[in-house]
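K.L.:
Next come a sequence and a model predicted from it.
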Amino acid sequence: MDLSKIAVSINKAINTQEVAVKEKHARTCILGTHHEKGAHTFWAAVNRLPLSSNAVLCWKFCHVFHKLLRDGHPNVIKDSMRNKADLTDMSRMWGHLSEGYGKLCSIYLKMLITKMEFHIKNPRFPGNLQMSNRQLDEAGENDVNNFFQLTVEMFDYLECELNLFLGVFSSLDMSRSVSVTAAGQCRLAPLIQVILDSSHLYDYTVKLLFKLHSCLPADTLQGHRDRFQEQFKKLKSLFYRSSNLQYFKRLIQIPQLPENPPNFLRASALSEHISPVVVIPAESSSPESEHMAETDDLVDTDVPSLPAPVETKFDDLFGTSAAIDPFNFNSQNGMRKDDKDRLIEQLTREIQALKDELESFRLESGRLCQVLRGRISELEAELAEQSHLRLQALGESEFLKAELDDLRRVREDTEKEQRSLTEIEKKAQANEQRYTKLKEKYTELVQSHADLLRKNAEVTRQVTVARAAQDEVETVRKEMQEKVKTAQEAADRQEREQLEHLQEIQRELVSSRAELDALKSTVASSQQSSEALGTELATLQSEKAELVQSLSKVEAELVAQGQELERVQSSLVTERESGVKTAESLQNQLNEKESREQTLESQLVAARWSSLQGAVEEAEKIIRDSLAQIDDPAHISCTSSADYLASRCQASLDCMDRLHSAREAFMTDSTGVCELLRVVTQCGHLVGDTIVQGSATSHMVPVEQGDALTESVKKCGAEALSLLEQMKQQDDLAAADDSKLKAALEAIHATAEKLRPRGLELQQGELGDLVEQEMAATSAAVESAAARIEEMLNKSRAVDTGVKMEVNERILASCTELMQAIKELVLSSKELQRDIVESGRGAASMKEFYAKNSRWTEGLISASKAVGWGATVMVDAADLVVQGKGKYEELMVCSHEIAASTAQLVAASKVKADKDSSNLRRLQQASRGVTQATAGVVASTKSGKSQIEEKDTMDFSSMTLTQIKRQEMDAQVLVLELETRLQKERERLGELRKKHYELAGAAEGWGESDEGTG
């Protein structure tokens, strides 16, 4: 692809015309980035454009740049980051404007900068943001911190998109059909790219929030949920408003978001989420509005004009001279008319063949695109179903995992209970064995009670030792209880075992003492039992040694834990000191920020007041300039009407009310200085205009009234300067009195009302009835003319034959078409007048409206009369031409007069109509139809005249030289006579038009101002 072609397409796409960017130029720019694998050519061409001086040019640059970021080569983002600083400065510069394209350009540039930064931070995301769920998971690298940060960046990105959406909608008047105008489409076209980005960002944000809620507590993500709720409401509203615009209906299919946002606290709600899909028809393209200029000149054509493609092809082959004047045979290099016609027919056939071939290709491509779209829809449906099944499977797997964890916990508890039961059984068996042993010992003691008596003293000593051991164990238990709680249970358990064992021994000793008297004979056997007791005592001593060892181990563990505690305490002290230092530094920064904010606030207040003083001074300059124009000699020739002066006074009074409200609002809240600035500037312009128009009106009225009006105007200017002088002082702003200026304006308004012309001096009912009567009379005249033409056509077919019948039929047919066009024009004019009255532009009723706007009503009546009279005269002229008694020139003049009358009627109807009214467009279309029909009458008349005159071709073959010379002299004399007569008739026509203008002015009340001047 040629780089020069890319540069040309860039300059064509980014221009100053307020129309949408053409798709073919934008597509060429996108293909150029893929061809050169970057955006060097684009930026080289853009850097030469004056983006900082033309807001429309900057807006269209943002649109094309957004398309390149989305659909261009991936290196476009990297190449564009070099110009980030320039884009930031341009956004800041345009941000100083509060309305129009300037504010929109600032928002758009901020959004584009945010988009570039997002893609640089997250290179896995392509420019068009199209990613699968697997790629989205890989972008976060399975790290919850990355997913958290990515969600915040997507919120910021979507916030910029929504700001641009709201900015465009707030700049448009949505009460009118702005989407069908070129200016409205220029602002709405970039929103297609915004809709595509927003749908993907919304989908990814929902999925990431569900993933974060599965990993983090719900309280941590409360801020995320609140921000999502706010953006969800805005995006849903904007999608709904966009889908209702006619401009988007054939360019893009906008998805509708669900009624309620997803519930992130319920994990199964992810399966209910449906990703929004934006569908762009394959054959859609940005509409290219063509503004056709209406011309007031009549079209004088003998042959039908060539189609536009043929003219373009002919210009490409032979230059533009032939297309400028197709009937100038001297500028066609001697080419004969037949050769030109044949060439044009040949080119027409070739173009038609190419059109048919292109249409066939277009239909085939449309069919293939339809098939592919159907297949894509099926695959998307299958993908959605598979995703739904996968989500269901994930939900079931999570449920099964939870059940499996419960079963594992139950099994572990059961195993613990079984182990504890086994330990209890083991203890029971040990106790039973011990009981068996003790029972055997008891039997032995019964047999050897004599030995026990001898060993009584020894046993007593052993009991004393056991008691001392018991006291020592109690002391150890208390120390362990104080140092560590973990060893308490073991020590208590061992202590209880010792106590139980000692109690058993005590019971045995008591029982042995009771039987000492009866067991003296068994002393020998008691020695064996004493030996067994000695063995048990040795066992107790070994257990004591083990307890001492365990106690030493516990003490060592306590010492280690104390050291660890000291280390943790020292680290806590260090961290507390660092935290105190950090808090002190943050507090210092906060204090600095507060002081800086206070300084900026004071500077902002001073800037507001200085801007207000500048606006007041500018208004003073305007009013002083207006007062200076009153005494300027060059201004004496300027005139104005009382109607216009009254309208200017009323506008100034309305502006004074707004000034009072804005001044009170500014005194309440000084931040609202923008409205006050606008009102002060507008008030200065309106009051200055009132002064100038009042002085100009005084030149059109009698001297006394003119002097009084001039004095009133000067007084108004003096009061306005006094009010502005008070507003310049900050202390006097609240006490500024605008009542004197209002009184001066009301006095000028009352004077203007007295000087207004009274029209035809008709009553309200008479004027309204006269309008209805004239419109009805015009319709009746047109109907009658159409019926007479039909009657003449039938008579001509019955009487005439040959060429004359053909000429008469063609002329009468064109006259019939003209009558039909005039009839349609009259009906459209009635509908428009009814629309004007019902739209609230006038008074309560139609008659009151006509009476209040008498000047306009009289113009409407005059135009209606002219149309009806012209139709009647043209029918009479056509009747004479068909009978052979009239002149073709008279019929052509009547056609021109009808066209002029209809133009007057259209102009009178358009004065008070809304420019976006459908009835106004229908009236303009009917006006164009009348113009074309008039051209048809003129063309058919000229053609018929030439056909009739061809039969009267003179034959000079039988004349002699003397006769030819005589005829030549007679012809020259006749030519001179006709030229003299033509000159006189032109002068007479000029006088007639001048007299007509004077009579029309007198009829509509123009003469009153002339009489006052005289």
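P.N.:
Done, it's in.

K.L.:
What's the local residue count around A607?
P.N.:
The tally of other residues near A607 (other CB atoms under 10 Å) stands at 11. C-betas here are computed from N, CA, C, even on glycine.

K.L.:
what separates it from K830, distance-wise?
P.N.:
57 Å (CB to CB, to the nearest Å).

K.L.:
Also L891?
P.N.:
28 Å.

K.L.:
Could you look up the next helix or strand downstream of the helix or strand containing V152?
P.N.:
Using DSSP states H and E, V152 maps to helix 144-170. From helix 144-170 onward toward the C-terminus, using DSSP H and E, the following helix or strand is helix 182-188.

K.L.:
And that next one, what's buried?
P.N.:
184-188 (16 or more other CB atoms under 10 Å).

K.L.:
Which stretches in the stretch 501-650 of the chain count as helices?
P.N.:
523-630, 642-668 (DSSP state H, counting those that start in this stretch).

K.L.:
quick one: the last one to helix 523-630, angle?
P.N.:
Counting by axes from the mean of the first three to the mean of the last three CA atoms, to 10 degrees, helix 642-668 points 150 degrees away from the direction of helix 523-630.

K.L.:
tell me which residues of helix 642-668 are tucked away?
P.N.:
642-643, 645-646, 648-653, 655-656, 659, 662-663, 666.

K.L.:
elements contacting it?
P.N.:
Packing partners of helix 642-668 (3 or more CB pairs under 8 Å, 6 or more residues apart in numbering; DSSP states H and E): helix 673-698, helix 739-755.

K.L.:
can you tell me the average pLDDT over it?
P.N.:
Averaged over helix 642-668, pLDDT sits at 85.

K.L.:
ok, now stretch 120-136?
P.N.:
89.

K.L.:
picking that back up, quick one: list the elements packing against the helix holding V152.
P.N.:
For helix 144-170, the packing partners by 3+ CB pairs under 8 Å, 6+ apart are helix 100-121, helix 191-213, helix 222-243.

K.L.:
Of those, which is nearest A877?
P.N.:
Among these, the nearest to A877 by CB to CB is helix 100-121 (54.4 Å).

K.L.:
Point me to the residue sitting closest to the centre of the protein.
P.N.:
F165 (2.6 Å; CA atoms, centre = their mean).

K.L.:
My understanding was that that residue contacts I192; is that so?
P.N.:
No. Contact criterion CB atoms under 8 Å: F165 and I192 do not qualify, at 11.6 Å.

K.L.:
sorry, back to before: the helices and strands packed on helix 144-170 into JSON lines, with extra columns for mean neighbour count and distance to K60?
P.N.:
Output for the helices and strands packed on helix 144-170, formatted as JSON lines (neighbours: other CB atoms under 10 Å; distance: least, CB to CB, whole Å):
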{"stretch": "helix 100-121", "mean neighbour count": "20", "distance to K60": "10"}
{"stretch": "helix 191-213", "mean neighbour count": "21", "distance to K60": "13"}
{"stretch": "helix 222-243", "mean neighbour count": "16", "distance to K60": "20"}
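
K.L.:
Turn the ones you listed into a markdown table, columns for distance to L724.
P.N.:
Output for the helices and strands packed on helix 144-170, formatted as a markdown table (distance: least, CB to CB, whole Å):
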| stretch | distance to L724 |
| --- | --- |
| helix 100-121 | 27 |
| helix 191-213 | 43 |
| helix 222-243 | 43 |
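
K.L.:
Looking at those, spot the one closest to L404.
P.N.:
helix 191-213 (22.4 Å).

K.L.:
what helices or strands is that closest one leaning on?
P.N.:
helix 55-71, helix 133-139, helix 144-170, helix 222-243.

K.L.:
rerun that using 6 Å as the cut-off
P.N.:
Judged by 3 or more CB pairs under 6 Å, 6 or more residues apart in numbering; DSSP states H and E, the packing partners of helix 191-213 are helix 144-170.

K.L.:
Tell me which helix or strand P123 sits in.
P.N.:
Going by DSSP H and E, P123 is not in any helix or strand.

K.L.:
Phi first, then psi, for it.
P.N.:
Per-residue torsions, P123: phi -70, psi -10 (degrees, to the nearest 10).

K.L.:
Can you check which helix is longest in the protein?
P.N.:
When the chain is parsed with DSSP state H, its longest helix is helix 337-447.

K.L.:
And the average pLDDT for it is what?
P.N.:
pLDDT averaged over helix 337-447 gives 81.

K.L.:
quick one, it and helix 191-213 angle?
P.N.:
Using the same axes, to 10 degrees: helix 337-447 against helix 191-213 is 10 degrees.

K.L.:
other SSEs contacting helix 337-447?
P.N.:
helix 308-318, helix 523-630.

K.L.:
8 Å - rerun?
P.N.:
helix 308-318, helix 488-514, helix 523-630.

K.L.:
Out of those, which gets the lowest mean score?
P.N.:
Among the helices and strands packed on helix 337-447, helix 308-318 carries the lowest mean pLDDT, a mean of 40.

K.L.:
What about F399, how many residues nearby?
P.N.:
11.

K.L.:
dump the residue contacts of it.
P.N.:
Taking CB atoms under 8 Å, 6 or more residues apart in numbering, we find F399 in contact with no residue.

K.L.:
in the helix holding V152, what's buried?
P.N.:
147-148, 150-151, 154-155, 157-162, 164-165, 167-169.

K.L.:
Repeat that for stretch 618-629.
P.N.:
Neighbour-count burial for stretch 618-629 [16+ other CB under 10 Å]: 619-620, 622-623, 626-627, 629.

K.L.:
so how far is that stretch from its chain's centroid?
P.N.:
41 Å (CA atoms, centre = their mean, to the nearest Å).

K.L.:
ok, now stretch 415-428?
P.N.:
Worked out by CA atoms, centre = their mean, stretch 415-428 lies 75 Å from the chain centre.

K.L.:
Return it as CSV; C-alpha atoms alone will do.
P.N.:
Extracted in CSV, the C-alpha atoms of stretch 415-428 (Å, rounded to 0.1, in the frame of the first residue of the first chain):
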residue,chain,number,x,y,z
GLU,A,415,-11.0,-42.0,64.7
LYS,A,416,-10.3,-39.7,67.6
GLU,A,417,-13.2,-41.1,69.6
GLN,A,418,-12.1,-44.6,68.7
ARG,A,419,-8.5,-43.9,69.9
SER,A,420,-9.8,-42.4,73.1
LEU,A,421,-12.1,-45.4,73.6
THR,A,422,-9.1,-47.7,73.1
GLU,A,423,-7.1,-45.8,75.6
ILE,A,424,-10.0,-46.0,78.1
GLU,A,425,-10.2,-49.8,77.6
LYS,A,426,-6.5,-50.1,78.0
LYS,A,427,-6.7,-48.1,81.3
ALA,A,428,-9.6,-50.3,82.4
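
K.L.:
Flag every buried residue along that stretch.
P.N.:
Buried residues in stretch 415-428 (16+ other CB under 10 Å): none.
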